[in-house]
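Visitor: Dropping a prediction and its sequence here:
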Amino acid sequence: MQHESGRAEARDVAPDAAEGTPMTTDAANSAPEDPYLWLEDVTGDDALEWVRAHNEPTVSALTSGSRFPVLEAEALEVLDTDDRIPYVRRRGDHLYNFWRDAANPKGLWRRTTLESYLTDAPEWDVVIDVDALAAAEDENWVWSGATVLRPEYRHALVSLSRGGADATVVREFDLETRSWVEDGFVLPENKSSIGWIDQDTVYVGTDFGEQPDGTSSLTTSGYPRITKRWTRGTPLSEAVEVYAGEVDDVSAGAGYDNTPGYERHFASRSTDFFNALRYELRDGELIHIDVPTDAHSAVRWDWLFVMPRSEWVIGDQSYAAGTLMVFEYEEFLAGGRVATVLFAPDAHTSLSDYSFTRSHLILTTLRDVQTEVSTLVMGTWEEIATTGLPELATISVLDTDPDDSDEVFWSASSFTTPPSLLYGDSGGAVEVIKQSPAFFDADDVVAEQRFATSDDGTAIPYFVVRRSDVQSGPTLLYGYGGFENSLTPGYMAVAGRGWVSRGGIYVIANIRGGGEYGPSWHTQAQKSGRHKVYEDFSSVARALVSEGLTTPEQLGAQGGSNGGLLMGVMLTRYPELFGALVCQVPLIDMRRYHLLLAGASWMAEYGDPDDPEQWAYMEPFSPYQNVQRDVDYPHILVTTSTRDDRVHPGHARKLVARLEELGHEVAYYENIEGGHGGAADNKQAAFKSALAYEFLWRTLAPE
């Protein structure tokens with residue numbers, strides 16, 4: 001299905017179908033018995049008793065001083081302030097926004113007009129009050145988004161999560177009557193996919209139960225693998241199957257592009273996290289769109305846009321990974337391969353994103369992790385100027401209205417400059433229409449880019465943010481390094497208050513595994529190349545010490561999810577480099593990660609632990625298997641969420657249990673709600689942030 005942005009959507013979410021699944025494979029059976037499997041029972045009485053017993057001393061200790069409430073209040077003020085930008089998406093005549101603040105912690109889905117939005121005090125029309133809905137239904141609803149049917153923009157498919165989990169309940173809402181549609185499209189809690197075809201028809205993928213042939217309607221990763229066409233007024237059981245993937249796929253689905261004059265139905269199956277087979281559904285037949293399976297692609301009008309993630313050879317022509325090219329769509333389907341190159345990467349520059357307006361294609365690129373923007377005329381591909389965008393800022397396209405106008409909403413920010421919202425037509429002048437307030441004094445804060453040399457000689461960029469009067473001291477190093485996610489400069493409202501303003505040095509490492517230098521920056525660090533992620537991060541840590549910014553005793557590191565795995569590897573393989581680690585919603589047990597929640601969908605990133613050859617290169621970087629007794633580990637705070645149905649909380653629990661078994665001290669906090677983000681509302685997010693900064697200040701700069 002065509003999306004407003006040309007880049008593929010992230011697919012690192014999956015259901016909890018594998019929760020607590022025992023090992024069944026040969027490799028798993030040959031592994032030593034795991035004494036902490038019981039901690040994988042997410043809501044089991046014994047497991048939750050263990051969680052509460054570990055939460056209490058951590059919370060008691062870290063909240064006891066005078067600094068914690070200040071850190072928490074400062075973070076909450078940032079998250080709750082009414083002065084922050086209300087970011088919007090256009091849907092017809094209205095601009096929609098979802099808003100949380102102190103008075104509305106669960107949030108308001110609301111809308112206004114462009115004319116009103118351009119004023120200093122827009123008049124907001126509240127469509128759904130999630131706080132009121134949660135109170136009326138006695139449910140801990142967390143907003144998960146809405147899909148509004150074009151072009152009437154009257155009917156919406158609203159997704160609501162219990163406690164912040166990825167699994168959602170879907171309901172149809174009438175924007176004209178302001179009510180839930182009686183006998184409308186409704187799905188129970190699941191990791192479903194659903195999208196409009198027309199007012200009376202949707203494509204739906206969900207758990208349809210066991211199939212007649214005995215197979216599951218879900219993939220082994222827990223995603224829907226079967227898509228059905230569901231007609232209003234009929235039970236879901238009567239929906240007609242239109243496409244199905246394989247059980248071992250990550251996911252499969254179908255969608256409808258209702259671009260006027262170019263209405264098309266598409267289907268795809270993701271054979272792993274980074275590879276997919278794509279089709280157009282035409283008159284009941286599947287027409288294969290024969291692009292490389294690892295490519296990002298989009299169909300727009302008469303064109304097919306393709307960005308391969310590995311080298312693509314067409315005839316005698318070779319195209320580098322990260323090249324953006326365009327083809328005539330129908331000619332391509334017929335076998336033609338005449339490509340026009342719209343962007344070619346080099347050693348310093350990569351394509352970050354591309355977006356469409358009615359007349360233009362907008363390219364957002366990164367040159368040494370700093371943003372540049374180009375605007376091309378659709379069809380002629382001539383570059384034209386867009387004026388008014390700030391320099392030395394991270395710029396992104398927030399929203400366009402490609403079927404109806406050249407309107408673009410842009411976001412711009414830097415480490416020290418609060419976010420601004422810009423508005424204008426593509427290829428024309430752009431102006432600032434909203435500006436976030438400053439939350440810390442950045443007049444004396446400097447941000448600079450430096451480079452470290454990794455073990456194989458690769459230059460690894462990193463950003464250093466500090467007060468100009470701070471030459472060395474407590475330093476916090478942040479990293480992720482996975483799934484082609486880039487870490488770009490952005491305003492540090494919470495970190496600026498909680499860390500930099502207090503004299504700490506903040507560092508972001510652009511290690512391999514991300515997408516800062518295009519697809520190859522990621523692909524070279526997949527599976528057997530995974531060691532490069534950890535070598536890059538440890539090389540930045542050493543550079544910070546060798547350049548005199550800090551000492552190992554004053555150097556902390558922080559990361560979550562895949563970045564939590566990064567912290568686990570730093571703990572077990574590079575303990576001498578750090579004084580403290582904050583390990584959040586982590587992957588830890590790489591022997592069993594593929595059996596827990598979304599884990600199976602990530603084997604293309606990490607490898608298959610049931611394959612002995614792959615486990616051989618995975619095992620050294622599986623923290624759970626590498627905790628030792630007689631090692632001087634840095635201080636560590638491990639956090640997770642009971643309601644995280646993406647990365648299983650058992651990873652964090654088992655790491656803590658193993659560390660304690662071998663005589664090590666560890667601080668642990670598990671939020672009972674919050675999903676993979678770790679927090680279900682601003683108050684929880686502020687509390688979690690304050691815990692981390694209080695822990696780091698106590699361990700890296702004890703008073």
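Guide: Sure thing, it's come through. Numbering: from 1, shown residues only.
Visitor: For residue 281, name its beta-bridge partners.
Guide: Beta-bridge pairing of residue 281 under DSSP bridges involves residue 265, residue 286.
Visitor: what's the neighbour count on it?
Guide: Neighbour count for residue 281, taken as other CB atoms under 10 Å: 19. Yep, even glycine has a C-beta here, placed from its N, CA and C like the rest.
Visitor: ok, it touching residue 257?
Guide: No: if you go by CB atoms under 8 Å, residue 281 and residue 257 don't touch, sitting 10.9 Å apart.
Visitor: Compute the first-to-last residue distance for stretch 254-263.
Guide: Chord length of stretch 254-263, first to last residue, is 14 Å (CA to CA, to the nearest Å).
Visitor: buried set for it?
Guide: Using 16 or more other CB atoms under 10 Å as the test for burial, stretch 254-263 gives 254-259.
Visitor: Mind pulling the model confidence for residue 645?
Guide: Turning to residue 645, the model gives it a pLDDT of 80.
Visitor: I'd say it and residue 168 touch.
Guide: No: look at residue 645 against residue 168 with CB under 8 Å: they stay out of range, at 10.5 Å.
Visitor: So which residues of the stretch 251-400 of the chain form helices?
Guide: For the stretch 251-400 of the chain, applying DSSP state H, counting those that start in this stretch gives helices covering 329-333.
Visitor: Just the pLDDT at residue 692, thanks.
Guide: 98.
Visitor: OK, contacts around it?
Guide: By CB atoms under 8 Å, 6 or more residues apart in numbering, the contact list for residue 692 reads 558, 582, 584, 637, 639.
Visitor: same check, this time on residue 405
Guide: Neighbours of residue 405 in contact, by CB under 8 Å, 6+ apart: 357-358, 425.
Visitor: hmm, which of these are the buried ones?
Guide: Buried among these (16+ other CB under 10 Å): 357, 425.
Visitor: Can you redo the contacts of residue 405 as a markdown table, where the extra columns are pLDDT and distance to residue 68?
Guide: Conversion of these to a markdown table gives the following (pLDDT from 0 to 100; distance: CB to CB, whole Å):
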| residue | pLDDT | distance to residue 68 |
| --- | --- | --- |
| 357 | 97 | 47 |
| 358 | 96 | 51 |
| 425 | 95 | 48 |
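Visitor: Go through the contacts of residue 405 and flag which are in strands.
Guide: Per DSSP state E, strands hold the following members of those: residue 425.
Visitor: any chance of the contacts of residue 405 in JSON lines, with distance to residue 479 too?
Guide: Compiled in JSON lines, the contacts of residue 405 are given as follows (distance: CB to CB, whole Å):
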{"residue": "357", "distance to residue 479": "35"}
{"residue": "358", "distance to residue 479": "40"}
{"residue": "425", "distance to residue 479": "38"}
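Visitor: which one among the contacts of residue 405 gets closest to residue 529?
Guide: residue 357 (37.9 Å; CB to CB).
Visitor: Report the contact partners of the closest one.
Guide: Shown in contact with residue 357 (CB under 8 Å, 6+ apart): 400-402, 405-408, 425-426.
Visitor: Would you mind listing which of these are buried?
Guide: Once neighbours are counted (16+ other CB under 10 Å), the buried part of these comes down to 400-402, 406-408, 425-426.
Visitor: Pull the most distant pair out of these.
Guide: 402 and 425 (12.5 Å).
Visitor: that older thread, mind giving me TSV with the buried residues of stretch 254-263 and columns for distance to residue 245 and pLDDT?
Guide: Below are the buried residues of stretch 254-263 laid out as TSV (distance: CB to CB, whole Å; pLDDT from 0 to 100):
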residue	distance to residue 245	pLDDT
254	10	97
255	14	97
256	18	97
257	20	97
258	24	94
259	25	95
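Visitor: Among these, which lie within strands?
Guide: 254-257.
Visitor: Any chance of JSON lines for those residues, columns distance to residue 221?
Guide: Below are those laid out as JSON lines (distance: CB to CB, whole Å):
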{"residue": "254", "distance to residue 221": "18"}
{"residue": "255", "distance to residue 221": "19"}
{"residue": "256", "distance to residue 221": "24"}
{"residue": "257", "distance to residue 221": "25"}
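Visitor: my read: residue 249 touches residue 269, true?
Guide: Yes: using CB under 8 Å, residue 249 is in contact with residue 269, at 5.0 Å.
Visitor: Which neighbours do these two have in common?
Guide: With CB under 8 Å, 6+ apart as the test, residue 249 and residue 269 both reach residue 225.
Visitor: which of the residues in stretch 507-527 are buried?
Guide: Residues of stretch 507-527 classed as buried by neighbour count (16+ other CB under 10 Å): 507-523, 525-526.
Visitor: For it, give the mean pLDDT please.
Guide: Stretch 507-527 carries an average pLDDT of 97.
Visitor: re earlier: the more surrounded of residue 645 and residue 168?
Guide: residue 645 (26 against 23).
Visitor: list residues touching both of residue 281 and residue 257?
Guide: Joint contacts of residue 281 and residue 257 (CB under 8 Å, 6+ apart) are 265-266.
Visitor: What is the burial count for residue 213?
Guide: The tally of other residues near residue 213 (other CB under 10 Å) stands at 5.
Visitor: any idea how far it is from residue 247?
Guide: 10 Å (CB to CB, to the nearest Å).
Visitor: Check residue 71 too.
Guide: Per CB to CB, residue 71 is found 48 Å from residue 247.
Visitor: ok, now residue 375?
Guide: Noted for residue 375: a distance of 44 Å to residue 247, by CB to CB.
Visitor: Just want to know which of the two has more residues nearby.
Guide: Legend: neighbour count by other CB under 10 Å for residue 375 and residue 247, higher for residue 375 (20 against 14).
Visitor: For that one, which residues are in contact?
Guide: By CB under 8 Å, 6+ apart, the contact set of residue 375 is 360-363, 383-386, 426-427.
Visitor: Residue 565 too?
Guide: Applying CB under 8 Å, 6+ apart, the residues near residue 565 are 482, 559, 586-588, 590, 621, 623.
Visitor: can you redo these as TSV with secondary structure?
Guide: Converted to TSV, the contacts of residue 565 look like this (DSSP: H, G, I helix; E, B strand; the rest coil):
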residue	secondary structure
482	coil
559	strand
586	coil
587	coil
588	coil
590	coil
621	helix
623	helix
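Visitor: Using ChimeraX, define a selection of the buried residues within those.
Guide: Burial among the contacts of residue 565 is assessed by 16+ other CB under 10 Å; the matching ChimeraX selection reads:
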select :482,559,586,587,588,590,621,623
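Visitor: would you list the contacts of residue 565 in CSV and tack on pLDDT and distance to residue 701?
Guide: Listed next are the contacts of residue 565 as CSV, based on pLDDT from 0 to 100; distance: CB to CB, whole Å:
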residue, pLDDT, distance to residue 701
482, 96, 30
559, 97, 20
586, 96, 25
587, 96, 29
588, 97, 28
590, 97, 33
621, 97, 30
623, 98, 26
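Visitor: now, which of the contacts of residue 357 lie within strands?
Guide: Among those, DSSP E puts 400, 407-408, 425 in strands.
Visitor: Tell me the one of the residues you listed nearest residue 437?
Guide: Distance to residue 437 across the ones in strands among the contacts of residue 357 (CB to CB) is lowest for residue 408, with 23.9 Å.
Visitor: thinking that closest one is in contact with residue 424, fair?
Guide: Yes: counting by CB under 8 Å, residue 408 touches residue 424, with 6.4 Å between them.
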